[in-house]
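Undergrad: Here is my input; please provide its structure:
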Amino acid sequence: MRLLLFATADGPVSQNLSVFSPASPSGEAIRGLFILVLAITGGIFLVVEGVLVYSLLRNRRRVAAGEAEPPQVYGSMPIEIAWTAAPLLIVFVLFLVTARTEWEVRPGPDDRPPPGSQPLYVTVIGRQWWWEYVYESYDGREWHVTTANELHVPASDDGAPRPVYLTLKSADVVHSFWVPRLGGKTDLIPGRVNKMWFQTAERGLFLGQCAEYCGTQHAKMLIRVVVDEPAEFERWLANEAKPAVEDPSAAAGKKAFLAQSCVNCHAVRGTAARGTYAPDLTHVMSRQTLASGIVPNTPDELRRWLADPQQVKFGCLMPAFQLSDQDLDLIVSYLRTLR
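TA: Numbers count the residues shown, from 1 in each chain. Have a look, this model is predicted:
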């Protein structure tokens, strides 16, 4: 499938998910490998099927003409050598090009960026069924900013590459991080750390999907990578590092929020909410979607999500708290101030 529809705050967006339209060096390397393998295997298919069809047609005419069965050859050394050496050569070539591509798309053991680059390091933690992103450092500066479900990265410019190095971990089961236009899928395995990298000069939104079945809502564990202008990314990152801004008009909503058990799972920096089990809500309204890309982040959808998460994303680990309409309105009004 080439085009899919995803929800955003502005409505559905048609997004190209084709691996044949790469936007990063990793994606280019994978596409090149795919085309080469397709050409080699396609050539083998044509040769084998061509010989088969030729033999069928030629000998069919002989039978129709009443000719005797052609000579049967057994133990031909040239044929034995040919059908042994040719596959070995093909496998050897495929092994070499695959190893080269693997070397290109996987970061080295020390994640050493090229000279003159401005690398971004992010730890990705896969959870049922959402993504946690911890921004470790950017361009040599440490940040340690935690957000969820939308990965913002800076675009590269001519002479200023900005590679993104991802450290992939799982908090529960096996997940897989896959954004087709930016690189191949890489698994997140409990108890193991995997890594991948990409960079792109193309601004905009790139969509992906958890590519390893991880439970009930696997199909709704979507990935959103937003490639910003470098200056815009700097502003976004600086804002994400700030604690929640106090809004006097939402004081009653904040009190209602902190009185609920939401604080046991969610964090709002600068408040008593310090949970680490669920998405950090410090700047929740800066995100375009809710529930890992399932619905647009609008007041109505936010209220519906808080009223009964199971109606939006059945099987998710957030229960319905049977909030009154008054509490729902107060909490929504407070969360809307978290930008």
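
Undergrad: so where is this structure shaky, pLDDT-wise?
TA: 1-15, 61-68, 70, 108-111 (pLDDT under 70).

Undergrad: Which residue ranges of it form helices?
TA: 25-64, 77-105, 230-240, 251-259, 299-307, 309-312, 325-335 (DSSP state H).

Undergrad: Put together a markdown table for those helices, with distance to Glu212 and mean neighbour count on each row.
TA: Placement of C-beta: from N, CA and C, glycine included. Output for those, formatted as a markdown table (distance: least, C-beta to C-beta, whole Å; neighbours: other C-beta atoms under 10 Å):
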| stretch | distance to Glu212 | mean neighbour count |
| --- | --- | --- |
| helix 25-64 | 18 | 13 |
| helix 77-105 | 18 | 12 |
| helix 230-240 | 28 | 15 |
| helix 251-259 | 34 | 17 |
| helix 299-307 | 26 | 17 |
| helix 309-312 | 23 | 14 |
| helix 325-335 | 31 | 18 |
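
Undergrad: could the ones you listed be laid out in JSON lines, adding distance to Arg141?
TA: Below are these laid out as JSON lines (distance: least, C-beta to C-beta, whole Å):
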{"stretch": "helix 25-64", "distance to Arg141": "24"}
{"stretch": "helix 77-105", "distance to Arg141": "27"}
{"stretch": "helix 230-240", "distance to Arg141": "9"}
{"stretch": "helix 251-259", "distance to Arg141": "31"}
{"stretch": "helix 299-307", "distance to Arg141": "33"}
{"stretch": "helix 309-312", "distance to Arg141": "36"}
{"stretch": "helix 325-335", "distance to Arg141": "30"}
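
Undergrad: Nearest to Gly183, out of the ones you listed?
TA: Among those, the nearest to Gly183 by C-beta to C-beta is helix 25-64 (3.6 Å).

Undergrad: between the closest one and helix 77-105, what angle do the directions make?
TA: 160 degrees (axes from the mean of the first three to the mean of the last three C-alpha atoms, to 10 degrees).

Undergrad: Which other helices and strands does helix 25-64 contact?
TA: Packing partners of helix 25-64 (3 or more C-beta pairs under 8 Å, 6 or more residues apart in numbering; DSSP states H and E): helix 77-105, strand 194-198.

Undergrad: could you dump those to a markdown table with distance to Asp327?
TA: Formatted as a markdown table, these follow (distance: least, C-beta to C-beta, whole Å):
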| stretch | distance to Asp327 |
| --- | --- |
| helix 77-105 | 49 |
| strand 194-198 | 42 |
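
Undergrad: The ones you listed: which one's closest to Pro279?
TA: The closest of those to Pro279 is strand 194-198. By C-beta to C-beta, the value is 22.1 Å.

Undergrad: what distance separates the closest one from the centre of its chain?
TA: 11 Å (C-alpha atoms, centre = their mean, to the nearest Å).

Undergrad: Give me the helices and strands touching that strand, please.
TA: helix 25-64, strand 164-170, strand 186-188.

Undergrad: Okay, angle between the first one and strand 194-198 too, please.
TA: This points to helix 25-64. 90 degrees.
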